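J.: what follows is a predicted structure for the sequence shown.
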Amino acid sequence: LASLDRYIVTVETSQHRFFTFLPSEVIPDNRLVCFAEADAWIIAALSSKTHVTWALKTGGLLEDRPIYTKTRGFDPFPFPDPDENLKAQLRALGEELDATRKRVQAEHPDLTLTGLYNVLEKIRAGAALTPADEDVKQRGRVLILKELHDQIDAATAQAYGWPVDLTDEEILERLVALNAERAREEAAGHVRWLRPDYQIPRFAKEAKATTGDLDLGETVVALDKGLPDFPKDPYEAPLAIERLLIAAGRPMDAAELARGFKRGGKRIEQRITQALTTLARYGNIIALDGGRYASRRAA
């Protein structure tokens, strides 16, 4: 924290999972989980549905309140690797989200973040609002918070190259596959540092020896075990890809298809691209814009 003027925190046990900046002169207590990071694009990524879904799945519970477990919710989480334009967009959204909530609480000290997010969840669920809820909605600018979170979810999905309307289970499947891919990259010496100016001088030499063995637990590892192996026979590969497209019932690109197979990722993505070319040539699938493909039979 020495070189930072602020850092990110989340309450360890909370009904809702939200992240906020604290100034570095504030010393956190034991109920806060802290992240030594001042870049707002990180707070946006943490606030996204993608990360919150992962955190809820990998964390624990105290009665009915989720617990954020840093060693399972943060350490193995595969962050997106956006280009600079998209990173700037996420950074702006993260700044606006944090500033809006701080402004609301400065103007209305009686409003809590839990209260704001209680009303936000009701609005998302289409539930009826009480007069007290309507008051929180108006004074707490809850519709603005909702719009900011929706934009963060869309920008984060774009950063991953994923559709924005994935189910929770689909998000988890893709994150598990991406985690495995990143672990293999890191084991080979390619690390996507979140805070490179701090991390590289201290940890780059150790990265190859210490990464690649992330224990995600039986729940999420089982998702990868349930995936089919990618065929070694080049004649069987196109059929396996076509079956996956038919089962998905939606367009997919080569990277998405690769993650549909056990230990998928860059290792087989090139072979999938070659098979897609063959399938498109014989009319079995339809090539769409953006490098995506759809099964002609499913269409």
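T.: Alright, I've got the coordinates. Residues are numbered from 1 along each chain as shown.

J.: now do the domain split for the chain, please.
T.: According to automatic domain parsing, the chain comprises the domains 6-160, 227-299.

J.: the first one - what's its average pLDDT?
T.: Domain 6-160 shows a mean pLDDT of 95.

J.: kindly report the same for stretch 286-299.
T.: Regarding stretch 286-299, the rounded mean pLDDT is 73.

J.: try stretch 243-251
T.: Predicted confidence along stretch 243-251 averages 79 (mean pLDDT).

J.: before we move on, the earlier item: can I get the domains of the chain in JSON lines with mean neighbour count?
T.: In short, each C-beta sits where N, CA and C put it, glycine included. As requested, the domains of the chain are exported to JSON lines (neighbours: other Cβ atoms under 10 Å):
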{"stretch": "domain 6-160", "mean neighbour count": "17"}
{"stretch": "domain 227-299", "mean neighbour count": "17"}
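
J.: all helices for the stretch 101-250 of the chain, in order.
T.: With helices called from DSSP state H, counting those that start in this stretch, the stretch 101-250 of the chain shows them at 113-125, 131-139, 142-160, 168-187, 196-210, 217-225, 237-248.

J.: redo these as JSON lines? Include distance to residue 52.
T.: Conversion of the helices of the stretch 101-250 of the chain to JSON lines gives the following (distance: least, Cβ to Cβ, whole Å):
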{"stretch": "helix 113-125", "distance to residue 52": "11"}
{"stretch": "helix 131-139", "distance to residue 52": "21"}
{"stretch": "helix 142-160", "distance to residue 52": "9"}
{"stretch": "helix 168-187", "distance to residue 52": "10"}
{"stretch": "helix 196-210", "distance to residue 52": "24"}
{"stretch": "helix 217-225", "distance to residue 52": "15"}
{"stretch": "helix 237-248", "distance to residue 52": "24"}
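
J.: quick one: the closest residue to residue 60 other than its chain neighbours from residue 23, how far?
T.: Distances taken as Cβ to Cβ, 6 or more residues apart in numbering put residue 67 closest to residue 60, at 4.3 Å, once the chain neighbours are dropped. According to Cβ to Cβ, to the nearest Å, residue 67 and residue 23 sit 26 Å apart.

J.: can you check residue 178 too?
T.: In terms of Cβ to Cβ, residue 178 sits 33 Å off from residue 23.

J.: what do you get for residue 111?
T.: Residue 111 is 21 Å from residue 23, by Cβ to Cβ.

J.: follow-up on the earlier one: and of the domains of the chain, who's closest to residue 173?
T.: domain 227-299 (7.5 Å; Cβ to Cβ).

J.: for stretch 246-256, give me every contacting residue.
T.: Stretch 246-256 has contacts (Cβ atoms under 8 Å, 6 or more residues apart in numbering) with 161-163, 174, 244-245, 260, 269, 272-273, 276, 288, 290-295, 297-298.

J.: ends of it, how far apart?
T.: 14 Å (Cα to Cα, to the nearest Å).

J.: so what's the residue nearest the centre of the chain up against?
T.: By Cα atoms, centre = their mean, the mean C-alpha position of the chain lies nearest to residue 50, the distance being 3.3 Å. By Cβ under 8 Å, 6+ apart, the contact list for residue 50 reads 80, 153, 156-157, 160, 171, 175.

J.: so which of the helices of the stretch 101-250 of the chain gets nearest residue 62?
T.: helix 113-125 (14.6 Å).

J.: coming back round to it: tell me the secondary structure at the residue nearest to the centre of the chain.
T.: helix (DSSP: H, G, I helix; E, B strand; the rest coil).

J.: what distance do you get for it to residue 38?
T.: Distance of residue 50 to residue 38, computed by Cβ to Cβ: 21 Å.

J.: low-confidence ranges, the stretch 151-299 of the chain, go.
T.: Along the stretch 151-299 of the chain, segments meeting pLDDT under 70 span 206-226, 263-267, 297-299.

J.: at 90 what do you get?
T.: The model of the stretch 151-299 of the chain has pLDDT under 90 over residues 183-192, 196-299.

J.: would TSV of the contacts of residue 50 with distance to residue 126 be doable?
T.: Below are these laid out as TSV (distance: Cβ to Cβ, whole Å):
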residue	distance to residue 126
80	30
153	18
156	24
157	22
160	28
171	22
175	28
